[in-house]
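A.B. asks: task: produce atomic coordinates for the following.
(chains A, B and C)
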Amino acid sequence: MYSLKVSNLCKHYTETLLFKDISFELHPGEVMAITGWNGSGKSTLLRIIAGLVRPSLGKVEMFMEDEPVPKESRRKFLGMVAPALALYDELTALENMEFFCKVRGIAYDRESCLNMMKRVGLTENANKTCRNYSSGMKQRLKLVQALLHNPPLLLLDEPGCNLDSNGMKIVEDIILEHRQLGMTVIASNEKREVAYADRAINLSE
Amino acid sequence: MKSGRWRTQTGPLTYLNEATAIWLRDLRGEFRTRYAVNSILMFAVTTLVAVSFSIGSFRIGDAEKPFLYSVLLWIILVFSALSGLSRSFVKEEEAGTIDVLKLSARSQAVFLGKLFFNLTLLGALELIIVPLFILLMNYKIASPGHFAAMIISGGFGLGAGTTIVAAMIAQASARGALFSVLSFPLLLPLMITAIKGCERAADGMNTAGWPEVRIAVAYTVIMIIMSLFLFPLIWEE
Amino acid sequence: MIVKVLLTLWMAAMIVAAFLYAGAAAGFPGQTSRILFFHVPQAWIATLSFLLSMVASCMYLARRRVRADYLALSAAELGLLFCILATATGSIFAKATWGSFWNWDPRETSIVILLMIYGAYFALRSAVPDPDKRRVFAAVYSILAFVTVPFLVFVVPRITASLHPEDTMNPTNPGMDPKTLKVFLGSLLAYTGLFVWMLRLRIRLLRLEGRQEPEFVISEKLKQEGEKG
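C.D. replies: The predicted structure follows:
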């Protein structure tokens, strides 16, 4: 049983205040949406939750059975998709997945990776290097990467970007399936992407 | 959609596994693009040709050769290395893969993996350039074992001293020049030792105990240990 | 105020004493040994300042208090200043004593390497735009640089001594007759006082400037709102 607690997060860059006093708690089965204009700090907020960026004030805590998870280990329990997060261009999709499995300490199972890729519609291209992928294909692969280790927390920053309506359907399926057992935070302005959220925070106010 | 859960046990062996995964992936990427290798080797070969052409092996007296050649060799090695060793981190930053790496791997494993990669590059550099240098310049070496040990330990020191600096400059601006500016003061003790060690190995006098090799090894060990402590501070914001 | 005046008087007294009170040391041509009253303290301060900066960097990394970084930065700036002075005065001494401005003997080499380390430190600081990252990176670099110093202390003398045995400078013993010793120690005291005074001034300045920084203004505002709300 995992939970996420965000308290009084504030972030400013030199003269610009991005957001302040962001607080919420998240439990399995809940989906939180973060909305706001472009540049309002949605991506930054997600990166702070992931532990990639330090907040100016406030803190992010993750709990496992009420035991706090240390910051260095937080990454093990989350999967992230974001426009800024790229995969390795010079490797093929499978090689990318193999790398992530090995480096995260998961047993690499070619079959199950292929199944995951099939699920997001990437089968024929498993052996092409990612340089030759379209942006839609890359986006789908990013989704696979985030789910590789079955994380309890999913951070999705504009998960549907570059995706056609088939791709969007896949994203919705993933959100729905993950919602059964895990926590999700989605940063987006797209109605389809935030449709399944229980609550929302708008950063533009 | 089943796959394994994240491994929960930690221990030195798992660090090595993760580091090896990063190292091999970097190697694979390098093999396909050959960016760093080209840069380093082109620099080294060009410099070597220039040196060999202008100095030749007849213009310098035999007494001066052990020392002068040692200096030239290490200048070529160090500056070639500086032209390519920051590549592994800078490439991650430029390609945007640095975040997914931060989210997937432990910081010390990243450091070790990148260190192994840099050492591989240095190994390839030395393997190609040192024999070429000896051949072109007609470098007579009295104790080749000592010489080889100096080259190898010096190469390790080069990698150990520069990997963490590469991580820093990848996240800064003005990367190319900054890498050399920052690395050079850190590498000077090693360079001075290595030059002296190769000189001694070449003229075969006073080689008892291989003191310079031991200094280079000590330098390598200390820099790696310090980097293992300090790298997480740079890697995790 | 008092301190400033006392310091000025003491330094002036030392300068006068260096030329009039103490005798010229034997073994050095003419009056050249007098520069050592200035050169040696400068070199020591340059080196100790580096140590101070490194310790402050460790303190910063441990607790992330900005004041530790102010200390590290000020110590580095002053260290650079005194290092330049030491290099210059050392070079003048070398010209007067041995006839050439630069010889690469162990001490000269060490002071130049220290100069390079300082230069690299400031190059790094100016290349990182984000202030927190800048402080962390600078602190890490200063620790790494410090770790290489013992190698220089062991390595450089072994290498260059065997090449140029006659060039070992020995400025710590400028003829130890009592007058010379007195002036020497007095000068050391004067320079240390000068260093501490400049350091405190610089840190105060950094703190005041830091209060104007947009980050500080915003974070103070946020903290106040947090306390109120």
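
A.B. asks: what pairs with A:His12 across the strands?
C.D. replies: A:Leu17 (DSSP bridges).

A.B. asks: what separates it from B:Tyr15, distance-wise?
C.D. replies: 36 Å (Cβ to Cβ, to the nearest Å). The way it works is simple: take the backbone N, C-alpha and C, and place the C-beta from them, glycine included.

A.B. asks: which SS class is the residue nearest the centre of chain C?
C.D. replies: In chain C, the C-alpha closest to the average C-alpha coordinate belongs to C:Ala46, at a distance of 2.1 Å (Cα atoms, centre = their mean). What DSSP: H, G, I helix; E, B strand; the rest coil gives for C:Ala46 is helix.

A.B. asks: and if you look at C:Trp102?
C.D. replies: Per three-state DSSP, C:Trp102 ends up coil.

A.B. asks: before we move on, the earlier item: could you check the pLDDT of the residue nearest to the centre of chain C?
C.D. replies: C:Ala46 carries a pLDDT value of 93.

A.B. asks: also C:Phe137?
C.D. replies: 96.

A.B. asks: with C:Pro29 instead?
C.D. replies: 69.

A.B. asks: could you list every helix and strand in contact with the helix or strand bottoming out on mean pLDDT in chain C?
C.D. replies: Lowest on mean pLDDT, DSSP states H and E among the helices and strands of chain C sits helix C:214-228, with a mean of 74. If contacts are counted by 3 or more Cβ pairs under 8 Å, 6 or more residues apart in numbering or on different chains; DSSP states H and E, helix C:214-228 sits against strand A:2-13, strand A:16-26, strand A:57-64.

A.B. asks: check whether the longest helix seen in chain B contacts chain C.
C.D. replies: Secondary structure assigned by DSSP state H gives helix B:107-137 as the longest helix of chain B. No - residues of helix B:107-137 are not located near chain C by Cβ under 8 Å from any Cβ of the partner chain, the shortest gap being 12.5 Å.

A.B. asks: next structured bit after that helix?
C.D. replies: helix B:144-170 (DSSP states H and E).

A.B. asks: from the contact counts, what lies against that following helix?
C.D. replies: On a contact count with 3+ Cβ pairs under 8 Å, 6+ apart, helix B:144-170 meets helix B:65-84, helix B:87-95, helix B:107-137, helix B:175-203, helix B:211-235, helix C:131-163.

A.B. asks: wait, does the first one contact chain C?
C.D. replies: In this case it means helix B:65-84. No - shown here: helix B:65-84 not in contact with chain C (Cβ under 8 Å from any Cβ), separated by at least 8.7 Å.

A.B. asks: avg pLDDT for that helix?
C.D. replies: 91.

A.B. asks: what does the fifth one give?
C.D. replies: For helix B:211-235, the mean per-residue pLDDT is 93.

A.B. asks: in it, what counts as buried?
C.D. replies: Applying a neighbour-count criterion of 16 or more other Cβ atoms under 10 Å in any protein chain shown, one finds B:211-213, B:215-220, B:222-224, B:226-228, B:230-231, B:233-235 buried in helix B:211-235.

A.B. asks: only the buried residues of the lowest-mean-pLDDT helix or strand in chain A, if you could.
C.D. replies: Using mean pLDDT, DSSP H and E, the weakest-scoring helix or strand in chain A turns out to be helix A:191-194, at a mean of 80. By neighbour count on 16+ other Cβ under 10 Å, the buried set for helix A:191-194 is A:193-194.

A.B. asks: residues contacting that helix, please?
C.D. replies: A:33, A:35, A:156, A:158-160, A:168, A:171-172, A:175, A:186, A:188, A:200 (Cβ atoms under 8 Å, 6 or more residues apart in numbering or on different chains).

A.B. asks: what's the most distant pair in those?
C.D. replies: Distance extremes for these: the farthest pair is A:Met168 and A:Ala200 at 18.9 Å, using Cβ to Cβ.

A.B. asks: related to what we said a few turns ago, please identify the most buried of the helices and strands packed on helix C:214-228.
C.D. replies: strand A:2-13 (a mean of 19; mean count of other Cβ atoms under 10 Å in any protein chain shown).

A.B. asks: angle of that strand against strand A:57-64?
C.D. replies: 160 degrees (axes from the mean of the first three to the mean of the last three Cα atoms, to 10 degrees).

A.B. asks: quick one, longest helix in chain C?
C.D. replies: Max-length helix for chain C by DSSP H is helix C:178-212.

A.B. asks: does A:Leu154 touch A:Leu181 like I think?
C.D. replies: No - the criterion here is Cβ atoms under 8 Å, and A:Leu154 misses it with A:Leu181 at 10.7 Å.

A.B. asks: higher neighbour count, the two?
C.D. replies: A:Leu154 (23 against 11; other Cβ atoms under 10 Å in any protein chain shown).

A.B. asks: returning to that earlier point: now distance to C:Gln31 too, for the helices and strands packed on helix C:214-228, in TSV please.
C.D. replies: Below are these laid out as TSV (distance: least, Cβ to Cβ, whole Å):
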stretch	distance to C:Gln31
strand A:2-13	59
strand A:16-26	62
strand A:57-64	62
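
A.B. asks: could I get these as JSON lines with mean pLDDT and distance to C:Ala75?
C.D. replies: Shown next, in JSON lines, are the helices and strands packed on helix C:214-228 (pLDDT from 0 to 100; distance: least, Cβ to Cβ, whole Å):
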{"stretch": "strand A:2-13", "mean pLDDT": "88", "distance to C:Ala75": "29"}
{"stretch": "strand A:16-26", "mean pLDDT": "86", "distance to C:Ala75": "32"}
{"stretch": "strand A:57-64", "mean pLDDT": "89", "distance to C:Ala75": "30"}
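
A.B. asks: still on that earlier bit, for the longest helix of chain C, what is the average pLDDT?
C.D. replies: Mean predicted lDDT for helix C:178-212 stands at 89.

A.B. asks: quick one: is that helix near chain A?
C.D. replies: No - if you take Cβ under 8 Å from any Cβ as the test, helix C:178-212 misses chain A, and the best it gets is 11.9 Å.

A.B. asks: for stretch B:189-206, which positions count as buried?
C.D. replies: B:189-203.

A.B. asks: now chain B against chain C: closest residue?
C.D. replies: Residue of chain B nearest chain C, by Cβ to the nearest Cβ: B:Pro189 (3.6 Å).

A.B. asks: residues from chain C in reach of chain B?
C.D. replies: C:61, C:113, C:116-117, C:119-120, C:123-124, C:127-129, C:132-133, C:136-137, C:140-141, C:143-145, C:147-148, C:151-152, C:154-156, C:158-159.

A.B. asks: quick one: A:Arg75 from A:Phe100, how far?
C.D. replies: From A:Arg75 to A:Phe100 the distance is 12 Å (Cβ to Cβ).
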